[in-house]
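# Compute the structure for the input listed below.
(2 chains)
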Number of protein chains: 2
Amino acid sequence: MCHAESVSAPASRPVCVLGLGLIGGSLLRRLADTGLPAFGYNRSTATVDAAVADGYTASADLDAVLRQAAEQDAIIVLATPFTALETMIEAVRDTAPACLLTDVVSVKEQVAVLIDRIHPTGRYVGGHPMAGTSQSGWAATDPSLFEGAMWMVTTHDDTDADDWLAVAGVARSTGAYVVPAANDAHDRAAAAISHNPHLTAAVTAAVGAGESDLALRLAAGSFRDGTRVAGTAPDLQRAMLEANSISLLNTLSETIDRLVAARDALRDHGSVAVLVDAGHRARLKYEAIAGAAPEPITGVRVGEDDWAEQLRRQAHQARVWMP
Amino acid sequence: MCHAESVSAPASRPVCVLGLGLIGGSLLRRLADTGLPAFGYNRSTATVDAAVADGYTASADLDAVLRQAAEQDAIIVLATPFTALETMIEAVRDTAPACLLTDVVSVKEQVAVLIDRIHPTGRYVGGHPMAGTSQSGWAATDPSLFEGAMWMVTTHDDTDADDWLAVAGVARSTGAYVVPAANDAHDRAAAAISHNPHLTAAVTAAVGAGESDLALRLAAGSFRDGTRVAGTAPDLQRAMLEANSISLLNTLSETIDRLVAARDALRDHGSVAVLVDAGHRARLKYEAIAGAAPEPITGVRVGEDDWAEQLRRQAHQARVWMP
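Here you go, the predicted structure:
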C-alpha cells in the first residue's frame, strides 16, 4: 500500500515505468544501472522480451506490475504515448490508487486534465524530460539520454512539497537538471522550442524534396540539420503536437506572420534583413543559455512559504534546481 | 599569358583564389596541402597575414596577384562575397582577361549575368561547393571541408569541354563530387535546400526566443539543430539569400502555403497529419540519397556530342561525376 506519509528518499524508493519506448526505456535502464529499484511495463511482449534479455525487470502484465507498485509504494511514471494515457490512468486508479504518479509526456495541461477527470484523488506531479532522438523504441534506448538534459517538473502553488521532491529526485538521479514550471508556461514553451520546430522541419523537408532529386543530391548541412526531426515516426510527432494544439496554433501563427513579412520584404525591397537579423539574435541568445553551465536556483527550501513561486521565478531566469 | 589551347591537367595548372574566407581559404589550403600550385588574394591584410603565417601564398595586392595568374595561366576562382564580385570581375578583365574563370558563389544565374555584362569575352564555368559551417573567416577554414561534398559545375550546351574539365578537376582535387547542372536548375535547387532552410531556421529561432528565457532553457535537440544555420553571420546570409531572390520567393511562398494549410487543419480538425507525413516522406527520401555512396555518371565522354545534356540528365537522377 502507498501512503502519503511514507515518502522516502528517491534513492531507495522503487520506480515503476509504464511504457518502455525511447524515454521510458532509457529511464528504466538508467535507474536500474545506477542500482535503484526499478521495473517496467510495456504492452508489446517483443519489447518486454528485449528488456528482460538486456537484464531489466519488465512485464507485459499491467495488473501484476501495478500490484507490485502498490505493494512497494513505488513512484509510477507514465511513459506511454499520449493516446494510451487514459487506459493507464484508469489502471493506476483501480490497482495502485495511492501511489505517487508522474509522467514524461511532452504536454502538461492535458495530462493534468485527464488525471483530474479519471483519478481525481490521485497524487500527481507532472514531468517532462527535454531529451530525445529521431529514433524510437527499445532498441534506441540509452541510459545516458538524460545526462545534462533539462527535466521540467510541475511546480504549482498547491503542489505537495514531498511529492515534488520525490519526482525531482527521480529526474536528478538520471543526471538531468530540474526546471520548475507551471503547466501552462511549460506548454507554451514546449510549443515554441519543440513542437513548432517539428513543423518547420517538416515544411523545410517537404519543400526541398518537392523541388527535384538534384536538389536532394545538393543538400548539405543546413538541410540535414534543419530537417532532422522530420525523421521521427509520424504517429509520435502527431500525438505530441496535436496534444498541445492551442499553444501550437499560437506559435504556428506567429511563424506564418513572420514568414509572410519576410516574403513581402523580399518581393518589394529585395531584403530578408528583418527575419535573418531576428533569427541570428535569437540563436545567439540560445547559445548563451545552452552553452554555459546552468546556474543553480539558490536560497529556496522546498516546503517553505511560497517555495513554488520562488522556484518558478528563478526558473524564468533560466536557472535550474540542482541540489 | 593564358590561351584556350594551353589547357593543362588540373594537377599541374595553378589555381588563383580571390577571397580567403571559409570557402576560398579552405580551397587554397586543400590545393596547397596536396602539393598543387595555388595562391590567393584577400582584401584584409589580417587574413593575408594569417594565411602566410600558416604557410600559404597570399597577398592583399590584387593587381600583383592577377598579373601572376595571367603569367602562369592560372584558373581564377572568385570566392568573395557576392557584393564584391563586380569589382573582382572588372579586375580580372583588366589584368588577366584570357584566364579561365570559375566561382564558388551560392547562386549561379546572377554571377553569369555579371560576367556577361562586365567581361563578355571571359572564359567562365561556374561552380558551387555545397559545404560550409555557421562559422566564417580564415580561422574557420578547413582543408577537409569539401571531402565528400557535392560541387555543382555549370554544364550548358555551349560550355567548353576543356574548360569544364579544368573546373571539374579543381573540384575533384578537393575530394568533392561533381554535380553537373544548368544554372537555373541549380538556383532553384539551392533555394529549396539551402536558402529556404536559412529562413525556416531564422523563424524557428525567433519564435522560440520570443516566448521566454524559460523556453530557451528547455530547448533541446530539435531547436538546437533546427536553428543552427541562423547562427551564420547575418550579412553573409543576406548576401546569399537576396542574390537568389526569385527562386527563394517561390520556395518561401510554398513554405507559407503549406504552413497555412497545416494551421487550418490543426485549428479545424486538430490534425497536423498532412504536413508531418509529407515532411517524414521527404526526410526519408533525402536520407536514402545522402546516406548511400553516390552513384557515378557513366557512359559519357566530356566533349562528345550532347555531353552536357547527358551529364545533366544523369545528375537529375542524383548521380555525380567522379572519374
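# ok, which stretches of chain A are helices?
Under the criterion DSSP state H, helices of chain A are mapped to A:22-33, A:45-53, A:62-72, A:85-95, A:109-118, A:161-172, A:183-190, A:196-211, A:213-218, A:221-226, A:234-242, A:245-269, A:273-291, A:307-315.
# which residues touch the closest residue in space to residue A:286 that isn't next to it in sequence?
In space, and not counting its chain neighbours, residue A:286 is closest to residue B:216: 5.0 Å by Cβ to Cβ, 6 or more residues apart in numbering or on different chains. For the C-beta atoms, the positions are set from N, CA and C on the backbone; glycine is no exception. With contact taken as Cβ atoms under 8 Å, 6 or more residues apart in numbering or on different chains, residue B:216 is in contact with A:193, A:285-286, A:289-290, A:318, B:208-209.
# picking up where we left off before, for the helices of chain A, which one ends up most surrounded?
Among these, the stretch with the highest mean neighbour count (mean count of other Cβ atoms under 10 Å in any protein chain shown) is helix A:196-211, at a mean of 28.
# Now that helix: average pLDDT?
Mean per-residue pLDDT for helix A:196-211: 97.
# is it anywhere near chain B?
Yes: against chain B, helix A:196-211 shows contacts by Cβ under 8 Å from any Cβ of the partner chain at A:196-211.
# Chain B: which of those residues is nearest?
In terms of Cβ to the nearest Cβ, no member of those lies closer to chain B than residue A:202, at 2.5 Å.
# so the closest one touches residue B:274, yeah?
No: using Cβ atoms under 8 Å, residue A:202 is not in contact with residue B:274, being 9.6 Å away.
# so where's the stretch 201-323 of chain A uncertain?
Within the stretch 201-323 of chain A, no range satisfies pLDDT under 70.
# Not including adjacent chain positions, what is the nearest residue to the spatially most central residue of chain A?
Computing the C-alpha centroid of chain A and ranking residues by Cα atoms, centre = their mean puts residue A:128 first, at 3.0 Å. Spatially, and ignoring its direct neighbours in sequence, residue A:128 is nearest to residue A:152 (4.4 Å; Cβ to Cβ, 6+ apart).
# so the one you found makes contact with residue A:130?
Yes: with contact defined as Cβ under 8 Å, residue A:152 reaches residue A:130; the gap is 7.1 Å.
# Excluding covalently adjacent residues, which one is nearest to residue A:86?
Per Cβ to Cβ, 6+ apart, closest to residue A:86 is residue A:114, 6.1 Å.
# Just the pLDDT for that neighbour.
96.
# circling back to that earlier point, which of the residues of helix A:196-211 next to chain B sit farthest apart?
A:196 and A:211 (23.4 Å; Cβ to Cβ).
# Which one, of the helices of chain A, ends up nearest to residue B:91?
helix A:273-291 (28.7 Å).
# The closest residue to residue A:130 other than its chain neighbours: neighbouring residues, count only.
Sequence neighbours aside, residue B:220 is the residue nearest to residue A:130 in space, at 4.1 Å (criterion: Cβ to Cβ, 6+ apart). For residue B:220, the neighbour count with other Cβ atoms under 10 Å in any protein chain shown is 17.
# from what I can see residue B:220 touches residue A:149, true?
Yes: counting by Cβ under 8 Å, residue B:220 does reach residue A:149; the two are 6.6 Å apart.
# Please identify every residue contacting each of those two.
Common neighbours of residue B:220 and residue A:149 are listed as A:130-131 (criterion: Cβ under 8 Å, 6+ apart).
# Count the residues that sit near residue A:139.
With other Cβ under 10 Å as criterion, residue A:139 counts 10.
# I figured it hits residue A:50, correct?
Yes: when contacts are counted by Cβ under 8 Å, residue A:139 is listed as touching residue A:50 (7.3 Å).
# residues in contact with the residue nearest to residue A:130?
Counting by Cβ under 8 Å, 6+ apart, residue B:220 makes contact with A:130-132, A:149-150, A:193-194.
# if you set the cut-off to 10 Å instead, what comes out?
The neighbours of residue B:220, taking Cβ atoms under 10 Å, 6 or more residues apart in numbering or on different chains as the test, are A:129-132, A:149-150, A:193-194, A:197, A:290.
# Least confident of these?
The member of the contacts of residue B:220 with the lowest pLDDT is residue A:132, at 74.
# just to revisit the earlier point, find residues that contact each of residue A:139 and residue A:50.
residue A:25.
# who's in contact with residue A:114?
By Cβ under 10 Å, 6+ apart, the contact set of residue A:114 is A:78, A:82, A:85-86, A:88-90, A:103, A:105, A:124.
# what's the closest of those to chain B?
For those, the residue nearest chain B by Cβ to the nearest Cβ is residue A:82; the value is 12.4 Å.
# Surely the closest one is in contact with residue A:107?
Yes: contact criterion Cβ atoms under 10 Å: residue A:82 and residue A:107 qualify, at 7.3 Å.
# Looking at the two, which one has more neighbours?
residue A:107 (27 against 21).
# For residue B:153, see how far away the more buried one is.
49 Å (Cβ to Cβ, to the nearest Å).
# Also residue A:237?
38 Å.
# is it true that the residue nearest to residue A:128 touches residue A:171?
Yes: contact criterion Cβ under 10 Å: residue A:152 and residue A:171 qualify, at 8.8 Å.
# shared neighbours, the two?
A:104, A:127-129, A:178-179.
# so which of those residues would you say is closest to chain B?
The nearest one, if we look at the shared contacts of residue A:152 and residue A:171 relative to chain B and count by Cβ to the nearest Cβ, is residue A:179, at 6.0 Å.
# Provide the count of other residues in contact range of that closest one.
Residue A:179 has 32 nearby residues by other Cβ under 10 Å.
# who touches residue A:168 in this structure?
Counting by Cβ under 10 Å, 6+ apart, the residues that residue A:168 touches are A:10, A:102, A:125, A:127, A:151, A:153, A:155, A:176, A:178-180, A:302, A:311, A:321-323.
# do the same with residue A:94
Residue A:94 neighbours (Cβ under 10 Å, 6+ apart): A:63, A:66, A:119.
# Nearest to chain B among the residues you listed?
residue A:119 (24.3 Å).
# Just give the closest residue to the closest one, not the sequence neighbours.
Among residues not flanking residue A:119 along the chain, residue A:93 sits closest, at 4.0 Å (Cβ to Cβ, 6+ apart).
# shouldn't the one you found be in contact with residue A:120?
Yes: the criterion here is Cβ under 10 Å, and residue A:93 meets it with residue A:120 at 9.1 Å.
# before we move on, back to that, please identify which of the contacts of residue B:216 is nearest to residue A:163.
For the contacts of residue B:216, the nearest to residue A:163 is residue A:318 (25.0 Å; Cβ to Cβ).
# Pretty sure that closest one sits against residue B:209.
No: using Cβ under 10 Å, residue A:318 is not in contact with residue B:209, being 11.7 Å away.
# Residues in contact with both of the two, list them for me.
Contacts common to residue A:318 and residue B:209, judged by Cβ under 10 Å, 6+ apart, are A:289, B:215-216.
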